[in-house]
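[1] what shape does this take:
(one chain, ligands or ions: 1)
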Amino acid sequence: MLRATMNIGLGLYRHMLTRENYRFARQAGCTHIVAHLVDYFHQSKDNTRQDQPTGGVQGWGRAGDPNHLWTVAELSTLKQEMADEGLQLLAIENFDPAHWHDVLLDGPRKAEQLENVKTIIRNVGAAGIPVFGYNFSIAGVAARVRGHFARGGAEAVGMAGVDDTPIPNGMAWNMVYDPAAPAGVVPSATHEQLWSRLKDFLDAILPVAEAAGVTMAAHPDDPPTPFLRQQPRLVYQPALYQKLLDLRPSPSNGLEFCLGSLAEMTEGDVYEATEQYSRQGKLAYVHFRNVRGKVPTYKEAFVDDGDIDMLRILRILKKNHYQGVLIPDHTPQMACDAPWHAGMAYALGYMRAALQLIDQE
Ligand SMILES: [Mn+2]
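    This next block holds a predicted model:
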């Protein structure tokens, strides 16, 4: 009998990085944490801190301090606080737009900001954190809607058509990095330009990541449409992940493999994609969530209630010897005093049971 040996983790937003939440994760069977250090909700008009951010045309919230790059000391403290509760810090998820907006936009501060991301990855490696998740996207995770879309009327996130509203100056990755930017909008780029910017980023970051012992893990577009807010998207079909891997082959060039976003894509097949990329050993970690429908009208669903056969995914991962971490990523909110925690506990319980089943096969 082949053991699956996959692990379960929990992703926590910045304001959720507390001892109580580490205990919650451990109690639900997690061994790992994925930490978000960007405060997506900072000064937000449209978002509460109770769920994943969605935001209107003004995006999520204000980006962070452009002059403060996350230090080895603060990353090490974070890792130690988790270790004290029996958890490993697997990954930091996402750069702050304040630190790399001109890498995405090909702006005047690009050279300086490529140094920023190198410094961050060196610091992450020095703190002993093995993975850094990123999303190379101009518009970011935008144009999603919230409603009682999931089973039993549970509140969830979805998409109700493509948003073509141009992005105002001073905004990138769905956050405002310069509230004093002159009026006007970010000019549209082409797909070729976006891939060229990615290549510049990978050329700069991968040698540093290799030396630091960090795997860079690329999230696909959420939502995965060819364009959003008049900007091109990068990985909006499953095959484009291969293009990203082949652009700059490296042991540090990996994937933040989001089953939800992959299932929302109009081409390919989430099982074939799981087979293709897990066989290559390129999954740095997995966003283990479910969804109904595809762009431009999908809805996020409870893990056991969407289009994806999650057990079939786990069997593919086991066959290809994936031994990494699965995290729930997003779940619908459950009707109770702790909607986010209940949703996550539900997903984590399902994942534990599914892994116990797969382990016995
Ligand atoms: Mn995801």
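[2] which residues touch the spatially closest residue to A172 that is not a sequence neighbour?
    Excluding its sequence neighbours, the residue lying closest to A172 (Cβ to Cβ, 6 or more residues apart in numbering) is H101, at 4.0 Å. (C-beta placed from N, C-alpha, C; glycine too.) Residues in contact with H101 (Cβ atoms under 8 Å, 6 or more residues apart in numbering) are A63, G107, R109, Q113, A172, W173, Y177.
[3] want to throw those into CSV with distance to the ion?
    Listed next are the contacts of H101 as CSV, based on distance: Cβ to the ion, whole Å:
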residue, distance to the ion
A63, 20
G107, 26
R109, 28
Q113, 24
A172, 19
W173, 15
Y177, 22
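[4] which of those sits closest to R315?
    W173 (35.1 Å; Cβ to Cβ).
[5] and that closest one, its phi and psi?
    phi 60, psi 30 (degrees, to the nearest 10).
[6] find the nearest non-adjacent residue to it, please.
    G140 (3.8 Å).
[7] same thing with Y241?
    V235 (5.5 Å).
[8] quick revisit: quick one: contacts for the residue nearest to W173?
    G59, W60, P97, A172, W173, N174, M175.
[9] and D178, by the same measure?
    Here D178 is in contact with N169, G170 (Cβ under 8 Å, 6+ apart).
[10] isn't there a strand covering it?
    No: assessed with DSSP: H, G, I helix; E, B strand; the rest coil, D178 is coil; it does not lie in a strand.
[11] P182: neighbour count?
    8 (other Cβ atoms under 10 Å).
[12] per-residue confidence at it?
    The confidence metric pLDDT takes the value 96 at P182.
[13] just to revisit the earlier point, would you list the contacts of G140 in TSV and tack on pLDDT and distance to Q230?
    Formatted as TSV, the contacts of G140 follow (pLDDT from 0 to 100; distance: Cβ to Cβ, whole Å):
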residue	pLDDT	distance to Q230
G59	84	15
W60	87	19
P97	98	18
A172	96	13
W173	96	15
N174	94	14
M175	94	17
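[14] tell me which parts of the stretch 201-350 of the chain are close to the ion?
    C258, H287, D329 (Cβ under 5 Å from the ion).
[15] repeat the analysis, applying 6 Å as the threshold.
    By the rule Cβ under 6 Å from the ion, the part of the stretch 201-350 of the chain lying against the ion is H219, D222, C258, G260, S261, H287, D329.
[16] farthest-separated two in those?
    H219 and G260, at 10.5 Å, using Cβ to Cβ across these.
[17] between the two, which contacts overlap?
    With Cβ under 8 Å, 6+ apart, H219 and G260 have common neighbours H287.
[18] so those two - more neighbours on which side?
    Of the pair H219 and G260, G260 is the one with more neighbours under other Cβ under 10 Å, namely 26 against 22.
[19] next up, identify which helix or strand the more buried one is on.
    According to DSSP states H and E, G260 maps onto helix 259-263.
[20] ok, E74 next?
    helix 72-84.
[21] buried ones in that helix, by neighbour count?
    By neighbour count on 16 or more other Cβ atoms under 10 Å, the buried set for helix 72-84 is L75, S76, L78, K79, E81, M82.
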